[in-house]
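Asks: coords please:
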Amino acid sequence: ATASKHPELKKQGIRIPAEMAQNLALLHSYVLIKLHVKRGNHLKSARMLIRVANNLSKFPNHVVAILTSAVIECQRSGLKSSCFGFAAMLLRPEYRQKIDPKWKKRIEQIVRKPDKSEIEEPLEPCPFCGHPIPQTQLDCPQCKNNIPYCIATGQHMLKEDWSECPSCHFPALYSEFSSFLEGSEVCPMCSEAVKLSDLKKMHVSDMSAYTSDHQPDQ
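Replies: Just a heads-up that it's a prediction; the model follows:
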């Protein structure tokens, strides 16, 4: 419901409430996890799981499943420190008995023999001020703007790689959305059919429609 309301509010010129935008970003990140795993993009899946796992209060009925997936995907992707942190959380008394027996020994071993090495997340420029920030960070510490996210990856948008879904008009990194559509001509946000030939790369002047929606609340 939140996803369908968002473009309608934009069309009417109504400013999107910050909480609605944040909830949609989290919900979409959750959806992207399965899409990334299906395509074998375990690092992208792990990054989305980290975002979701850092907001567990929004997913109260899926805490153990999210943490377990975060452990598995982070370990696969070389994010060993994050993997250890989520494994340690799972072994808390309130979660321990709910762990799938299939993964319990593996999780216990990760905590017993911790490897806290971590692949550093690449930095990309904020589309508003150019300050370098991690790819999946959606707020800029320099200009204080909330940054639009790519519906194909969950990463923050880049000025020079901008496009949008022709149906729901949510932004997407042109390079990433193009690659996504080669495997499935369906928008990951609105589920409408999108042909690769209909995807257009947008220039900086086209960004104005997005900036006002992503100013932080005063």
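
Asks: From now on I want contacts and neighbour counts done on CA atoms only, so please keep to that.
Replies: Will do.

Asks: Let me see the ranges of the helices in this protein.
Replies: When assigned using DSSP state H, the helices of the chain occupy the ranges 2-11, 18-38, 42-53, 63-76, 80-90, 93-96, 101-112, 174-183, 208-211.

Asks: Pull out the buried positions in the longest one.
Replies: Translated: helix 18-38. Neighbour counts using 16 or more other CA atoms under 10 Å place 21, 24-30, 32-36 of helix 18-38 among the buried residues.

Asks: Which residue would you name as the spatial centre of the protein?
Replies: residue 154 (3.2 Å; CA atoms, centre = their mean).

Asks: Let's have the helices of the chain in TSV, adding distance to residue 200 and mean pLDDT.
Replies: As requested, the helices of the chain are arranged in TSV below (distance: least, CA to CA, whole Å; pLDDT from 0 to 100):
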stretch	distance to residue 200	mean pLDDT
helix 2-11	19	50
helix 18-38	22	91
helix 42-53	24	97
helix 63-76	32	97
helix 80-90	37	97
helix 93-96	46	95
helix 101-112	44	96
helix 174-183	8	95
helix 208-211	16	58
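
Asks: Would you tell me which of those gets closest to residue 127?
Replies: helix 208-211 (9.6 Å; CA to CA).

Asks: List the contacts of the residue with the largest distance to the centre of the chain.
Replies: Distance from the C-alpha centroid of the chain, by CA atoms, centre = their mean, peaks at residue 112 (29.9 Å). Applying CA atoms under 8 Å, 6 or more residues apart in numbering, we find residue 112 in contact with no residue.

Asks: Could you measure from it over to residue 169?
Replies: 47 Å (CA to CA, to the nearest Å).

Asks: export the helices of the chain to JSON lines and tack on distance to residue 141?
Replies: Converted to JSON lines, these look like this (distance: least, CA to CA, whole Å):
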{"stretch": "helix 2-11", "distance to residue 141": "25"}
{"stretch": "helix 18-38", "distance to residue 141": "17"}
{"stretch": "helix 42-53", "distance to residue 141": "17"}
{"stretch": "helix 63-76", "distance to residue 141": "26"}
{"stretch": "helix 80-90", "distance to residue 141": "22"}
{"stretch": "helix 93-96", "distance to residue 141": "34"}
{"stretch": "helix 101-112", "distance to residue 141": "33"}
{"stretch": "helix 174-183", "distance to residue 141": "25"}
{"stretch": "helix 208-211", "distance to residue 141": "16"}
